[in-house]
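Chemist: Any chance you can model this:
(one chain, ligands or ions: 1)
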Amino acid sequence: MSLTGKHVLSSDLFDREELERLFALADLLTPVARGRQVARVLEGAVMASLFFEASTRTRLSCESAFLRLGGGVISSTGAEIMSIAKGESLADTSRVVSGYCDLVVMRHPEEAAVHEFAAATHVPVINGGNGAGEHPTQALLDMFTLHQEFARFGRGLDGRRLALVGDLRHGRTVHSLMKLVTLYEDLTIVCVAPEPLGMPVGLLELAESRGHRIELSDRPETGLKDADLVYATRLQTERFADRPLPYSDEFRVDRALVSRVCREDAVIMHPLPRDSRPGSNDLATDLNQDPRLAIFRQTDAGIPMRMALFASVLGAAEAVPGALRPAGWYRPDYTGPDDAPFYRNAAL
Ligand code: NCD
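Modeler: Numbers count the residues shown, from 1 in each chain. You can find the predicted model right below:
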């Protein structure tokens, strides 16, 4: 399978072989992501980032990844500042923008919008999050992080016990992640959520049809036990503002809970943002010094993985090895003392 010229709207697009090819390319591009090397394989290319919904990581890391490959970026954020506010259709906007760039990254609060946009354009469209639907580039970087974190313990992904916790109904990152983890073998996937916030049935059936075991739990105290991965998520209040849903402080993943129930070698991830306001029931900041917490290694992994994806979609992946050269500027050590032990090549 080649990704060249493809839209990336769903994680459905990928198979295990393609994922592993992207991991290898992302590994190769890690020194570029860290400002140690340069690889200008997208020189002259332009990416448009169109974000109709709040974003920090996805927009900035996509833009950084594209710039690091030598491309240029044009960007617009918020429907209120675009001509959509004057009544322009998404299809017209799409056709217009495709004349200005070679690739679009788009985020929109409505699930159908990214499909509508892609149907009207002639450049590849990357889904940066569509409502409660999917977030395929987040799932790619989550898989890359998992692959790296498990590798530190000499383990692979097959046969692992994975606990997904939080708002699994509205959280698009876990939807895309389910489609990718289930490409591996012999998993136990524990979905830990209050019943109204449970994982959509279609995704549970997909996992079962691929031979995995599903366990449902509404108690983190038991659901997180023995898990190799704890993937926490934020309560997506913006997706059901009109009807309060049950979510007790039992769902706060904090030091007390983790020290009571999690394995010593568990990996704790979260797509971020986590809600750190007082009273929120999210991943707690009192875990920040816990080496199991991989959230910032996870955000860091977003740059090389998104570089690998853009290079592949624009047909430049094969040019990467020959394009790598040392960076001509000074950048301080990438990793601080807390993170250094976790990077396979800490000298980078
Ligand atoms: C997520 C999103 O926007 O779907 N964030 C991200 O892109 N890393 C998760 C969230 O908003 O809770």
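
Chemist: so what's the nearest residue to Leu235 once chain neighbours are set aside up against?
Modeler: Excluding its sequence neighbours, the residue lying closest to Leu235 (CB to CB, 6 or more residues apart in numbering) is Asp167, at 4.8 Å. Bear in mind the C-beta positions are built from the backbone N, C-alpha and C, glycine included. Residues near Asp167 by CB atoms under 8 Å, 6 or more residues apart in numbering: 193, 197, 233-236, 247.

Chemist: Include distance to Phe14, secondary structure and neighbour count when you put those into TSV, please.
Modeler: What follows is these, written out as TSV (distance: CB to CB, whole Å; DSSP: H, G, I helix; E, B strand; the rest coil; neighbours: other CB atoms under 10 Å):
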residue	distance to Phe14	secondary structure	neighbour count
Ala193	25	coil	26
Leu197	26	helix	23
Thr233	21	coil	27
Arg234	25	coil	21
Leu235	28	coil	21
Gln236	24	coil	19
Tyr247	31	coil	19
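
Chemist: Check pLDDT for these and point me to the minimum.
Modeler: Among the contacts of Asp167, Tyr247 carries the weakest pLDDT, at 85.

Chemist: Pro194 is in contact with that one, correct?
Modeler: Yes: in this structure, Tyr247 is within contact of Pro194 by CB atoms under 8 Å, at 6.2 Å.

Chemist: Where does the residue nearest to Leu235 fall, secondary structure wise?
Modeler: For Asp167, there is no enclosing helix or strand under DSSP states H and E.

Chemist: what's the neighbour count on Met1?
Modeler: 10 (other CB atoms under 10 Å).

Chemist: Setting aside sequence neighbours, what's the nearest residue to it?
Modeler: According to CB to CB, 6+ apart, the nearest residue to Met1 is Glu18 (5.5 Å).

Chemist: Identify the residues contacting the residue of the stretch 101-250 of the chain found nearest the ligand.
Modeler: Proximity of the stretch 101-250 of the chain to the ligand (CB to the nearest ligand atom) peaks at Arg234, 3.8 Å away. Contacts for Arg234 (CB under 8 Å, 6+ apart) come out as 166-167, 171, 270-271, 273-275, 282.

Chemist: try Phe117
Modeler: Here Phe117 is in contact with 90-91, 93-94, 104, 106, 108, 125 (CB under 8 Å, 6+ apart).

Chemist: again, 10 Å this time
Modeler: Contacts were defined as CB atoms under 10 Å, 6 or more residues apart in numbering; by that measure Phe117 touches 7, 9, 50, 52, 90-91, 93-95, 97-98, 104, 106, 108, 125, 127, 130.

Chemist: hang on, the earlier thing: and which of the contacts of Asp167 is nearest to Ser64?
Modeler: Arg234 (22.7 Å; CB to CB).

Chemist: and the gap between the closest one and Ala45?
Modeler: Arg234 sits 33 Å away from Ala45, going by CB to CB, to the nearest Å.

Chemist: go on, Val253?
Modeler: When Val253 is compared with Ala45 (using CB to CB), they lie 40 Å apart.

Chemist: okay, these two: which has more neighbours?
Modeler: Counted by other CB under 10 Å, Val253 and Ala45 do not tie: Val253 has more neighbours, with 28 against 18.

Chemist: Hmm, Arg260 and that one touching each other?
Modeler: No: the criterion here is CB atoms under 10 Å, and Val253 misses it with Arg260 at 11.3 Å.

Chemist: if we can go back for a sec, narrow the contacts of Arg234 to those that are buried.
Modeler: 166-167, 171, 270-271, 274, 282 (16 or more other CB atoms under 10 Å).

Chemist: Out of those, which comes closest to Glu63?
Modeler: Using CB to CB, the buried ones among the contacts of Arg234 come closest to Glu63 at Pro271, 18.1 Å.

Chemist: part of a strand, is the closest one?
Modeler: No: Pro271 is assigned coil when assessed by DSSP: H, G, I helix; E, B strand; the rest coil, not a strand.

Chemist: Dump the contacts of Arg234 to a markdown table, plus distance to the ligand and pLDDT.
Modeler: As requested, the contacts of Arg234 are exported to a markdown table (distance: CB to the nearest ligand atom, whole Å; pLDDT from 0 to 100):
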| residue | distance to the ligand | pLDDT |
| --- | --- | --- |
| Gly166 | 9 | 96 |
| Asp167 | 8 | 96 |
| Gly171 | 6 | 96 |
| His270 | 8 | 98 |
| Pro271 | 4 | 98 |
| Pro273 | 6 | 95 |
| Arg274 | 8 | 96 |
| Asp275 | 9 | 93 |
| Asp282 | 9 | 94 |
